[in-house]
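Asks: This is a predicted model, with the sequence first.
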2 protein chains.
Amino acid sequence: MQFLSSSSRCYLSPPSSAFTLRRLFTSLRATMGSSEELLRKTLAEKLTVIESQGNIVRDLKSSASDKSALDEAIKTLNALKLEKSSIEQQLLASSSSSNVGGVNKEVFRKNLVNTLERRLFYIPSFKIYSGVAGLYDYGPPGCAVKSNVLAFWRQHFVLEENMLEVDCPCVTPEVVLKASGHVDKFTDLMVKDEKTGTCYRADHLLKDFCKEKLEKDLSLSVEKVQELKHVLAMLDDFSPEQLGSKIKEYGIVAPETKNALSDPYPFNLMFQTSIGPSGTIPGYMRPETAQGIFVNFKDLYYYNGSKLPFAAAQIGQAFRNEISPRQGLLRVREFTLAEIEHFVDPEDKSHPKYSEVVDLEFLMYPREEQMTGKDAVNLRLGDAVSNGTVNNETLAYFIGRVYLFLTQLGISKERLRFRQHLANEMAHYAADCWDAEIECSYGWIECVGIADRSAYDLRAHSEKSGTPLVAHEKFSAPKEVEKLVITPVKKELGLAFKGNQKKIVEALEAMDEKEAMEVKAALESKGEVEFQVCTLGKAVTIKSNMVSVSKEIKKEHQRVFTPSVIEPSFGIGRIIYCLFEHSFYTRKSKAGDEELNVFRFPPVVAPIKCTVFPLVQNSKYEAVAKQISRSLTAAGISHKIDITGTSIGKRYARTDELGVPFAITVDTTTTVTIRERDSKDQIRVEIEKVAGVVKDVTDGVRTWPDIQWEYPAHSSTVTDADE
Amino acid sequence: MQFLSSSSRCYLSPPSSAFTLRRLFTSLRATMGSSEELLRKTLAEKLTVIESQGNIVRDLKSSASDKSALDEAIKTLNALKLEKSSIEQQLLASSSSSNVGGVNKEVFRKNLVNTLERRLFYIPSFKIYSGVAGLYDYGPPGCAVKSNVLAFWRQHFVLEENMLEVDCPCVTPEVVLKASGHVDKFTDLMVKDEKTGTCYRADHLLKDFCKEKLEKDLSLSVEKVQELKHVLAMLDDFSPEQLGSKIKEYGIVAPETKNALSDPYPFNLMFQTSIGPSGTIPGYMRPETAQGIFVNFKDLYYYNGSKLPFAAAQIGQAFRNEISPRQGLLRVREFTLAEIEHFVDPEDKSHPKYSEVVDLEFLMYPREEQMTGKDAVNLRLGDAVSNGTVNNETLAYFIGRVYLFLTQLGISKERLRFRQHLANEMAHYAADCWDAEIECSYGWIECVGIADRSAYDLRAHSEKSGTPLVAHEKFSAPKEVEKLVITPVKKELGLAFKGNQKKIVEALEAMDEKEAMEVKAALESKGEVEFQVCTLGKAVTIKSNMVSVSKEIKKEHQRVFTPSVIEPSFGIGRIIYCLFEHSFYTRKSKAGDEELNVFRFPPVVAPIKCTVFPLVQNSKYEAVAKQISRSLTAAGISHKIDITGTSIGKRYARTDELGVPFAITVDTTTTVTIRERDSKDQIRVEIEKVAGVVKDVTDGVRTWPDIQWEYPAHSSTVTDADE
């Protein structure tokens, strides 16, 4: 109890950073490339040289001297100007990093989002009523992708690791979120347009200002660039005062009206409501799913046979009333989270399956590299643990499992990194924290947070609820331990302090060892001591007959402790959006007159696993197509049958744009062709075997190359001609 | 537009019944058994006879007459009293129907709920903070059952029928729920304890009163019984005034305090919140998922190639701020709905797969049977359609599919019926409506509503949003149709009415055919007409130069119409609770000293598909168990491995109580036994084949008898001895 209340006191002290860990998905940290720095320096030097060369030209002109000297000087000036604009172009390209794989990222995104919305992967919610910012619907293909991602998540984490999955309500009474700290601290800083009252996120305005300056103002001095980049890096840690003064300093105004802005003030991001008809139980829509697991710790621990470690998991909706939602699916007001809370003994954070991930090697971005302005590095996970970069085996195990999960979904290995939180980003209680960041056209996006939160959450709920959320370790033999025993003498305290007796007893019992031994010494030497009682707001005089303090040797049969929790927390919508970006590409139609869109979803993610097309409209082929469709349904394979007379090439193109990996074309009544989306390779398979083949390759039992090896290749002039 | 606004006007007229269809899951209608009526009549007659016999005895006593005559009269009286108490016992047994399968239903439920909560199938949410009424968490086995039910729902409906699944947010702006009618009409009637302010649902208090009277007061006259049963049957249709007067008439007071109650008044059941930081966008947590589909109709219709019929589906959380939640999972404040909106041409409600359900036969409870006090009857679905009991093929098709869904999940056929809504239960616009009701210890519970809602919802959103939510039927050849053409002359109207011109133009254009032809006739005969403009609240004089009305023959190339919607809506939590009741049983332990709990979940539903037990603690057996566990994980089969030294019988009993259908016991290093939960039969299978066998039987590819036929039976004295 002692430790709990002191922990809670600490928790309240760092007001702005307390939520850095729980406030998943907030920062889009800009990093300073060294090549960019060099370019800016070169540019500044070049401008100085151009200025002096311009002066030389002017002098030569005014002195009406040697014509050939003037021509030479002008020639030099022009050459310098050419060099300058070449540097400017390089700088533009590097500083805004506006290109992705050679394509301008805004153009790429526009085409992608247009495709996603047109094919109903997702659409703004309530569109016929002009929508609401930050709310999106998943249409049929998007909804299928989401189910597939969640099903794979369940298989990869819950089933593989025997996790205890729970399902708790979104409506949450205030007391729970008071204990977790959300009621007091789950805020963003907001500024208001002083005339219209329109609200903005203060940090967004400052971030936009800095980014735009950095991207568009090539004349910035290296020092100014450094300053702006520093502001971007520190954004999450600014106090309201610091943010407000930067906004004033840079002269930032309301974007639409150019009106002045108010000082920043905190806005709580939870959707508030009221539970029951009387209006007396305040509640919120949960901002994360984790609390539902923490409050059930006692039951879950018992369910697990009172053994550690174990993990609980939850998939569900979470809600954040964002001040100004933007960036499509990346910052929304309602989203699906998948969270794991892995409870471990704080004295033993090893993991039995650690050896399975120890040899994985991928991009990591440790604190050290970030602080020294370096890039992310390829590290072997085992090395990162053994050299102390990653705090413990369990944390590393989950980092490895997250890496496998994301790459198996189709996230590109080159555009995925694990970034360690800087000391200033982490809550004081956290032991270590890594974010899986995925690069997309918006930059590096935090998609999974993997944090060792120590005992913080369980302690907070133990304290608030009065229910101890602890684990027990039975000793094989009893251990002798020295225990502090504080025994207040209630009768004497009652006589001396009347109604204040209870608070004084509590304060005495709550003393830590150091304080208690000081009190003991004072009582023994002076017979009394001045004792500060916070809950009374004053000191009282305690005499030696009022309390006894001693140390006793006791036999203990078990150790009672609050488990640490390691929390991997997945923003499903963000992962899906990044997956869309990494899967999308275009290719020329056969005729070369059109750019066709394709999503290269792996079969596990693809919204529809295959299509069934009769090559031409013909009742025999249709009957075969329907027969195949029935066998696919029986095998549980989502598919689409298209018996329209549209050309086969157009039908392929339509479904390539939905990311359908396999197309079955019925061109005889005995065998059919199966075409793979990306290679466009075709094989010929007997009708009875089709469903089994598709099932194997979508379930991951066999790969496409396995199957190509087994069945004859098919090359058709008819089908190809159309593509 | 004309039609839309008139429809909306109609919608507002029947205030209390407008929501009967959308307000799924409200009634627990009591039905009057004819045997009970007979018993009550006999009892009343018997009481009369006893009274007169009592008088005879008294007379004989007072007249001090013939001792033998007195003895004879007393003997008769005693015999009559015996008969009376026998009737009373029969009546108690029948009226309260307090027994389920020979077990008292309260005892059954207590044991069930105790088991469910102890094994964490579900638990009250936020228990360490004393919980919140009407909110429950699903713990690990319950969460797994729920995922399994939803996965099977997706397979059975979405995949089988190629439905368009969508996923929309819970947070919904007010305008959407204003259009749907929820803001104005989604209410329950509430009464308050006049002293403490505690709130109650008015109909619940009245229902409880009537039920208790009927169950416990055996002296009720047949007329009073009829009256109370009538009140129970009409409860949903009572106006606030009717409810209030019945509460007064029966002297109903607050249950805890016995204080007087306020008059009933409506309480809106939606959780209210505010969207965005400015507090200017009112929003609610959606009370159902259907509206998300309706507002997307236009896009979904296009996605479906602009073809009807098609169905959209959605699984998600819905929220209702119940006044007084009760009955565990049956009436909660947050729950999972799975809803289908099947859009059809109102002129063609046939269904292509109707023939697949036409021969199904099950318990149906048509309106006619309910009105005449009869019981539900076994009907062949095809007959119910052909004799007009079920309105159309599509509705029947879904009734059949729901029947298959529920029974395949494990709902008992004998305790499932489809009850047709009475005329007074249905919204005016509904064509027909049937509820799948499942009998459990609380009575017959509405678990799925299947309604033909005609064009109501799409029209409401078309009107409110201004976006036409319609379908098109292209004619093969253009058709000639006579069309009413109303042409207001804006210039003349503007001169005459200035600022009112716009409203008058709209009112003229909105005339229906009858009204327009009357205006035309008046203008032709008198040159002017008095014309009522509702939006102005007065009549204006229209002259013949201000409007022309004519009928013209026009060629039409397509029919434009609002589709009808047939909506099966599933309360997942209710289905799961009923499944728990139907699956639960107890059996004696082998020693006969204990009652062991078992859930007979079919494999598709079972939270864990199998367990792996080494028979004795032994490193070789443990290695085999772990090898089997790995192969089960790879096959995607949820399982539990238990290597504790607990007796095999106890391990079986523990997992029978979780409804695990198969137990694998490792008793050699080459073959193992598989035990089936309910029969306790065992077979012997080679280690490499185990995962495949379990997968086949849990996927439904093979049945347990198939497998028993293939593998040798195993009878072990060791394992049996323990059970």
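Replies: Cool, the structure landed.
Asks: Strand partners (parallel or antiparallel) of the longest strand anywhere in chain A?
Replies: The single longest strand within chain A, with elements called by DSSP state E, is strand A:471-488. Strand pairing for strand A:471-488, using DSSP bridges, gives strand A:547-561 (antiparallel).
Asks: Over the partner strand, what's the mean pLDDT, rounded is fine.
Replies: Averaged across strand A:547-561, the pLDDT comes to 90.
Asks: what's near enough to touch A:I608?
Replies: A:141, A:144, A:638-640, A:655, A:658-660 (CB atoms under 8 Å, 6 or more residues apart in numbering or on different chains). Any C-beta I mention is one placed from the backbone N, CA and C, and that applies to glycine too.
Asks: Most neighbours among those residues, please name it.
Replies: A:G659 (28 neighbours; other CB atoms under 10 Å in any protein chain shown).
Asks: contacting residues around that one?
Replies: For A:G659, counting by CB under 8 Å, 6+ apart, the contacting residues are A:141, A:583, A:598-601, A:605-608, A:677.
Asks: still on that earlier bit, is it possible to export the contacts of A:I608 to JSON lines including distance to A:K246, secondary structure and pLDDT?
Replies: JSON lines is the format used below for those (distance: CB to CB, whole Å; DSSP: H, G, I helix; E, B strand; the rest coil; pLDDT from 0 to 100):
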{"residue": "A:P141", "distance to A:K246": "43", "secondary structure": "helix", "pLDDT": "97"}
{"residue": "A:A144", "distance to A:K246": "45", "secondary structure": "helix", "pLDDT": "96"}
{"residue": "A:S638", "distance to A:K246": "51", "secondary structure": "coil", "pLDDT": "92"}
{"residue": "A:H639", "distance to A:K246": "55", "secondary structure": "strand", "pLDDT": "94"}
{"residue": "A:K640", "distance to A:K246": "53", "secondary structure": "strand", "pLDDT": "92"}
{"residue": "A:T655", "distance to A:K246": "51", "secondary structure": "helix", "pLDDT": "93"}
{"residue": "A:L658", "distance to A:K246": "46", "secondary structure": "coil", "pLDDT": "96"}
{"residue": "A:G659", "distance to A:K246": "44", "secondary structure": "coil", "pLDDT": "97"}
{"residue": "A:V660", "distance to A:K246": "50", "secondary structure": "coil", "pLDDT": "97"}
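Asks: Go through those residues and name the one nearest chain B.
Replies: The closest of those to chain B turns out to be A:S638 (CB to the nearest CB; 5.9 Å).
Asks: Quick check, that closest one in contact with A:V145.
Replies: No: assessed by CB atoms under 8 Å, A:S638 is found out of contact with A:V145, at 11.1 Å.
Asks: how far away is the residue nearest the centre of chain A from chain B?
Replies: Nearest to the mean C-alpha position of chain A, by CA atoms, centre = their mean, lies A:C447 at 2.9 Å. Distance, A:C447 to chain B, using CB to the nearest CB, to the nearest Å: 19 Å.
Asks: just A:K413 next, same as before
Replies: 24 Å.
Asks: just checking, that residue touches A:T407?
Replies: Yes: using CB under 8 Å, A:K413 is in contact with A:T407, at 5.6 Å.
Asks: need the helices for the stretch 451-600 of chain A, in chain order.
Replies: If you assign secondary structure with DSSP state H, counting those that start in this stretch, the helices in the stretch 451-600 of chain A sit at A:456-465, A:490-497, A:501-509, A:513-526, A:572-583.
Asks: Check which helices and strands the first one sits against.
Replies: Applying 3 or more CB pairs under 8 Å, 6 or more residues apart in numbering or on different chains; DSSP states H and E, one finds that helix A:456-465 contacts helix A:2-12, helix A:174-179, helix A:290-294, strand A:564-571.
Asks: any idea of the mean pLDDT in the first one?
Replies: Helix A:2-12 shows a mean pLDDT of 27.
Asks: Report the next helix or strand after that helix in sequence order.
Replies: With elements assigned by DSSP states H and E, the helix or strand that comes after helix A:2-12 is helix A:34-62.
Asks: quick one: buried residues of that next one?
Replies: A:36-37, A:39-40, A:43-44, A:46, A:50, A:53, A:56-57, A:60 (16 or more other CB atoms under 10 Å in any protein chain shown).
Asks: Also stretch A:152-169?
Replies: A:152-154, A:156-159, A:161-169.
Asks: So which of these reach chain B?
Replies: A:154, A:159, A:162, A:164-169 (CB under 8 Å from any CB of the partner chain).
Asks: Which ones among those residues map onto helices?
Replies: With DSSP state H as the criterion, helices contain none of these.
Asks: Could you report the pLDDT at A:A44?
Replies: Reported pLDDT for A:A44: 80.
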